[in-house]
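A.B. asks: Let me see the structure of the following:
(2 chains)
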Amino acid sequence: QKEVEQNSGPLSVPEGAIASLNCTYSDRVSQSFFWYRQYSGKSPELIMSIYSNGDKEDGRFTAQLNKASQYVSLLIRDSQPSDSATYLCAVLPYGNKLVFGAGTILRVKS
Amino acid sequence: ETGVTQTPRHLVMGMTNKKSLKCEQHLGHNAMYWYKQSAKKPLELMFVYSLEERVENNSVPSRFSPECPNSSHLFLHLHTLQPEDSALYLCASSQQGQATNYGYTFGSGTRLTVV
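C.D. replies: Below you'll find the predicted structure:
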């Protein structure tokens, strides 16, 4: 079983719609969860972090965490073509080493 | 310079060459990492340095040799690589104890092609 799983996509949404990206993880003692955005040929850029169950909002982005279900998601409201990228879910288990999923490709069509 | 800088951005090398990748962080962090990113695969953690000591080596072939002379600099020395080593190599840094809140900061990466 992969430690962090994401649907590879591509996920295609029309401009202005809500994009929903999902991630599951296997290590129950994981304590921190991150979403990185990676444009083609570029390095990952941290866009959201979440540590407690529930929702965390930052602008058009909302991260959702459910530790009982070992599930974390990222919602992007009012999606823009500039949001088209690969979104990486990363989990920090006990210790100090981030574990990454393979990423979901998001395409926002204008 | 700010953040994490990596050089070179692109590198093409033959299988018999020796080259080095360089990473420098300007964030005052005390942990540095090398990751390999291949197409459609998760980021693979290669090496971890904490307070200039290597604390992890994830079964990386000996043709990859890391070096961390101080907390701001990290190198990856390459020799006799194989074509399957072609990938994006990413350096990252974090502050021990604060990665929980802030994650890692990545450099721009080195796109390596082995011919």
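
A.B. asks: Just give me the neighbour total for residue 66.
C.D. replies: I'll assume chain A. Residue A:66 has 12 neighbours, counted by other Cβ atoms under 10 Å in any protein chain shown. (C-beta placed from N, C-alpha, C; glycine too.)

A.B. asks: actually chain B
C.D. replies: Neighbours of residue B:66 under the rule other Cβ under 10 Å: 20.

A.B. asks: Can you say which helix or strand has the nearest residue to it once chain neighbours are set aside in it?
C.D. replies: Computed as Cβ to Cβ, 6 or more residues apart in numbering or on different chains, the closest residue to residue B:66 that is not its neighbour in sequence is residue B:47, at 4.5 Å. Secondary structure from DSSP states H and E places residue B:47 in strand B:44-50.

A.B. asks: which other helices and strands contact the helix or strand just after that strand?
C.D. replies: Using DSSP H and E, the helix or strand that follows strand B:44-50 in sequence is strand B:53-57. Counting contacts by 3 or more Cβ pairs under 8 Å, 6 or more residues apart in numbering or on different chains; DSSP states H and E, strand B:53-57 is packed against strand B:44-50, strand B:64-70.

A.B. asks: let's see 6 Å
C.D. replies: strand B:44-50 (3 or more Cβ pairs under 6 Å, 6 or more residues apart in numbering or on different chains; DSSP states H and E).

A.B. asks: Residue A:85 is in contact with residue A:39, isn't it?
C.D. replies: Yes - contact criterion Cβ atoms under 6 Å: residue A:85 and residue A:39 qualify, at 4.9 Å.

A.B. asks: do you know how far the residue nearest to residue B:66 is from residue B:68?
C.D. replies: Residue B:47 is 9 Å from residue B:68, where distance means Cβ to Cβ, to the nearest Å.

A.B. asks: for residue B:17, same thing?
C.D. replies: Noted for residue B:17: a distance of 23 Å to residue B:68, by Cβ to Cβ.

A.B. asks: more crowded one of these two?
C.D. replies: Between residue B:17 and residue B:68, residue B:68 has the larger neighbour count (other Cβ under 10 Å), namely 21 against 14.

A.B. asks: What residue, apart from its backbone neighbours, is nearest that one spatially?
C.D. replies: Distances taken as Cβ to Cβ, 6+ apart place residue B:49 nearest to residue B:68, at 4.2 Å, with adjacent residues excluded.

A.B. asks: Also residue A:6?
C.D. replies: residue A:101 (3.9 Å).

A.B. asks: next one: residue A:19
C.D. replies: Among residues not flanking residue A:19 along the chain, residue A:76 sits closest, at 4.3 Å (Cβ to Cβ, 6+ apart).

A.B. asks: on that earlier part again, these two touch, right, the residue nearest to residue B:66 and residue B:65?
C.D. replies: No - using Cβ under 6 Å, residue B:47 is not in contact with residue B:65, being 9.4 Å away.
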